[in-house]
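A.B. asks: Any chance you could fold what I've pasted below:
(3 chains, ligands or ions: 2)
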Amino acid sequence: MRPGAARAAMRGAALMVAAGLLLAVWVVPVALTLLTSFKNEKEVLAYPPSVVFEPTIKAYGAVLTGPTNIVPNLMSSLIVAIGTTLLTIVIAVPAAYAFARLRLPGKKPVGFYVLATQLVPPIGLIIPYFLILNRVGWMDSYRGLILIYLTFSLPFAIWLLVSYFEDIPREMEEAALLDRASRWQAFWHVVLPQARGAIAVTVTFVFLNAWNEFLFAVVLGGATVKPVTVAMYNYINTEQTQWAQLSAAALVAMLPVIVLGILAQKHIVSGLSAGAVKGVSRR
Amino acid sequence: MSKKGAVRLAGVGKSFGQTTVLRDVELEIRPGEFFSLLGPSGSGKTTTLRIIAGLEIATEGAVHLDGVDATLLPPGDRDCAMVFQSYALYPHMTVFDNIAFPLKMIRTPPAAIDAAVREAAARVRIDHLLARRPGQLSGGQQQRCALARAIVRKPALFLLDEPLSNLDAKLRVETRVELRRLQRALDVTTVYVTHDQEEAMSMSDRLAIFMDGRIVQIGTPEEVYQKPATVDVAAFLGNPPMNVLPARLAAGEVVIGEARVAAPHLAALGTRDVMLGIRPSEIEIGAGGVAATVTLCELLGDDVIIDLDVGGLLVRAKASGRTRVAEGERVHARFDPDRLHLFDRTSGARIAA
Amino acid sequence: MTPDQRLAFAERPERRFALAMVAPGVLVLVVTTTFPLLYLIWQSLNNINLSMPGMDRFVGLENYARMWNDMRFWAAFGFTLIYTGATVTLQLVIGLAMALLILRIPRAQWAFRIAAILPIVLAPVVVGLIWRSLLLTPDFGIVDFASRSMGLGSHNWLGEPTLARISVIAIHTWQWTPFVFLYMLAALAALPAELYEAARIDRANAWRRFVHITLPLIRPTIVVVVILRMTVALSAFAAIYAATGGGPGTVTEIINLYAYRVSFAELSLGYGAASAVVLLALTMVVAGVLFRVRRAA
Ligand SMILES: Nc1ncnc2c1ncn2[C@@H]1O[C@H](COP(=O)(O)OP(=O)(O)OP(=O)(O)O)[C@@H](O)[C@H]1O
Ligand SMILES: [Mg+2]
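C.D. replies: Ligands and ions are numbered 1, 2, ... in the order given. Below is the predicted model of the structure:
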């Protein structure tokens, strides 16, 4: 082998090793959780941590059917996430369309306002919500939680959808208008069917964010409304942590979002950067 | 008046914010006419068409459709159908549903829709493709589908914005003929936007030439070709376009650099500086005339385009392909004195000869 | 009619339609966001303590004055800046380096893309809990194990002030670097290859190619990434809450944690509100500056 080729091969190998190490940094914590979830009490405490052991699904049993199971919490999360998603889509789709396309005086500042609401830190909202919901008796209710979830899902969804609507050729609506469609018909029959993919992506990310929310849920939830992110603490007491059950619960709770994330992987970059890339539309 | 589709633009102007893109457009299109808007890119053709359609609102002047002031009328109330350059077919609908859409919007009964869609599709020979989606059609088929969607509800006015520009050269020429035939058969007023002069010349009853947001000439293709109103029109039309040379009129002669062409019939115009226009096909090589050097020969099958150096000026001639000249050869070029076009040196306006 | 009146008249149906489409969304946002924020500002001017109900009263700027002298608040403020600065810088540097590296091994890219999705989609609270329990617990966690195996000894990763701060920064960086990586990968892959070929012919070495070609081209992307990551870092909560709860003591408190603990552990909502207002202002200032930078970029 020529010396140049040898050096190139070395470089290639070094690259692969570096890449492999990096990959490990991101995979190991998740893999470790997976391993731990299949361990029994004794195995969990083995030191150094065992990699080869006899797997058991006891932890999953406890998480799904035991006295502190998280099934009601999964339901809670599901209700909050679906409720948030539906409301968000119904409100955000028309608004996004108008921002992307229609002429409206003051659209620019209003669009900017929507963008700015996306930046509000949750802690700034949770304090007033706590008092307001207490006063109107909406603590520990789905209504209350969904309401506050709209504060992050709506601006996010509007901006994500605006960038998609802008990509639909304007001529199609113009053709429809010339053919006597009303504005609403042009929107409903021509634009909306073409935005189905964009709406699916938006649904995915709104659902994901609502499912993963913790601060609002822990403060405004309670015995009735206790999403699964809060229920993780079922397995952590002051005396001891139930490692295997915590791991199993974490995996069960995160399974839906992992699946969604992998399904939507092509859109994850655009999906998580709504609004930042495209500014307020020109018209 | 029984026939529909008269269009009149009276002093129409259009500004987008501070930029004015259209001014003083005066235009009258007669019912049943095939009328083209021709001009270079950015001259305001599409904007004019969109103002007729109601997709843009004129900021000055008025739009009359069939005698009614339609300046501020929304697009749906104007009884126009439009074919866009991009076709704007609805990708999620089948060809059938695309063509049926305008009828559905005016609540036509389903049976009537079915019949009308089939008829329109048959007219443009896509009746075998009704179940497909636009994405599954070739460019030419998509174009036909857009045409069918436009004709299906028998509009009073048919607006086309460069509908052929996305087709390949051969198909374009074929479709041109078909489009013209279709328009004749339907007898519907058609406004046709193009920057292709050949298209405009071959298809139109009349045409308007746009330059820099103004109409510079309106007329039949023949009028416009034979009597271009300005130097710019002259230089825009024809392939290759007309030669435009600085020249001087003096005592019945046209002086072009060193060369002189006798033109006694122009003596009445006196002595003045002009721009001289002469079509390449009106220049004859060989039979006497001004001395010239051949700088380039370009054979185009039937014809040959010959670049000549006439006293330092470039002059193009078009001759039969059988003409034999070599580059560098010294020849004589005869300018037909009856075919000279004269324009004012400063304003560029045609000087009546 | 003047041209403007004309346009206004002709566009009236469109404007009405647009208004109808936008109104619900804007109204909901006003009600759910702006109104509570105004209430927050009002709260910050009051003494509201849940442990002493009925004692609420208007105190003007007293909460702010108290905050001015509150060393714990300033520590939280300082750590917010450190946390934001460190996590954003680390994400950017590591994410960009990873993207550059992975771009050179096209065959295994899919594995990295999938692996990168995982941390991004996990709930921050779950990430915090996993790190706290399975990675950082002394004598048990895999990080502690690695540290010992390398002869660095066992440490109380979340119990020792400096280590705890480093740990919460590491956790955030771990979770979000993959996002920057994916973002940069997309941006880099979109760069025209000819540029590089020209540079290679000019015998520019890899580092010079990066500094003189790649970096200027992806500058707008970097600005966008910084905006995104800063706003997320400034509103971070759950991962720190799960990992340290702000401790040991108060060393890992960022303003979010501080305001939360003051409000919901010490039950002084008025005082907590004041600190939240400060965070809100900080966020808006940072965002304003960044958006200006972006417009210039
Ligand atoms: N919405 C708009 N805002 C601002 N300027 C515009 C707008 N639409 C068109 N223009 C400008 O108006 C001028 C005329 O445009 P128009 O589309 O009518 O040209 P055209 O003759 O159709 O050209 P082409 O052959 O390239 O299609 C151009 O300079 C264009 O930039
Ligand atoms: Mg045009």
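A.B. asks: What's the separation between the closest residue to B:Ala229 other than its chain neighbours and chain A?
C.D. replies: What sits nearest to B:Ala229 in space, not counting adjacent residues and going by CB to CB, 6 or more residues apart in numbering or on different chains, is B:Gln217, at 4.1 Å. Placement of C-beta: from N, CA and C, glycine included. Plainly put, B:Gln217 is 29 Å away from chain A if you go by CB to the nearest CB, to the nearest Å.
A.B. asks: quick one: low-confidence parts of chain C?
C.D. replies: Within chain C, the stretches falling below the threshold (pLDDT under 70) are C:199, C:203-204, C:297.
A.B. asks: Identify the bridge partners of the residue nearest to B:Ala229.
C.D. replies: Applying DSSP bridges to B:Gln217 gives these bridge partners: B:Ile209.
A.B. asks: Quick one: end-to-end length of stretch B:26-37, please.
C.D. replies: With CA to CA, to the nearest Å as the measure, the ends of stretch B:26-37 fall 12 Å from one another.
A.B. asks: and it, which residues are buried?
C.D. replies: Of the residues in stretch B:26-37, those scored as buried under the neighbour-count criterion (16 or more other CB atoms under 10 Å in any protein chain shown) are B:Leu27, B:Ile29, B:Pro31, B:Gly32, B:Glu33, B:Phe34, B:Phe35, B:Ser36, B:Leu37.
A.B. asks: Next one, pLDDT for residue 106 please.
C.D. replies: Picked chain A for this. For A:Gly106, the model assigns a pLDDT of 88.
A.B. asks: Sorry, I should have been clearer: chain B.
C.D. replies: In this prediction, B:Ile106 carries a pLDDT score of 91.
A.B. asks: Confirm for me that it is in contact with A:Ala181.
C.D. replies: No. Counting by CB atoms under 8 Å, B:Ile106 does not reach A:Ala181; the two are 9.8 Å apart.
A.B. asks: coming back round to it: what about the residue nearest to B:Ala229, how many neighbours?
C.D. replies: Taking other CB atoms under 10 Å in any protein chain shown as the neighbour definition, B:Gln217 ends up with a count of 22.
A.B. asks: Now B:Leu55. Its backbone dihedrals?
C.D. replies: Recorded main-chain torsions at B:Leu55 are phi -80, psi -20, according to degrees, to the nearest 10.
A.B. asks: Against C:Ile120, how distant is it?
C.D. replies: Relative to C:Ile120, B:Leu55 is positioned 43 Å away (criterion: CB to CB, to the nearest Å).
A.B. asks: Repeat that for B:Arg180.
C.D. replies: Using CB to CB, we find B:Arg180 at a distance of 59 Å from C:Ile120.
A.B. asks: what about those two, which has more around it?
C.D. replies: A side-by-side neighbour count of B:Arg180 and C:Ile120, using other CB under 10 Å, places C:Ile120 first with 21 against 16.
A.B. asks: got the contact list for the more buried one?
C.D. replies: A:Gly261, A:Ile268, A:Leu272, C:Gln175, C:Trp176, C:Pro178, C:Phe179, C:Leu182 (CB atoms under 8 Å, 6 or more residues apart in numbering or on different chains).
A.B. asks: and the gap between it and C:Val289?
C.D. replies: Applying CB to CB, the value for C:Ile120 to C:Val289 is 26 Å.
A.B. asks: Take the buried residues of stretch B:26-37 and write them to a markdown table, including secondary structure, pLDDT and distance to chain A.
C.D. replies: Converted to a markdown table, those look like this (DSSP: H, G, I helix; E, B strand; the rest coil; pLDDT from 0 to 100; distance: CB to the nearest CB, whole Å):
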| residue | secondary structure | pLDDT | distance to chain A |
| --- | --- | --- | --- |
| B:Leu27 | strand | 94 | 20 |
| B:Ile29 | strand | 95 | 18 |
| B:Pro31 | coil | 94 | 19 |
| B:Gly32 | coil | 92 | 20 |
| B:Glu33 | coil | 94 | 20 |
| B:Phe34 | strand | 96 | 20 |
| B:Phe35 | strand | 96 | 18 |
| B:Ser36 | strand | 96 | 20 |
| B:Leu37 | strand | 96 | 18 |
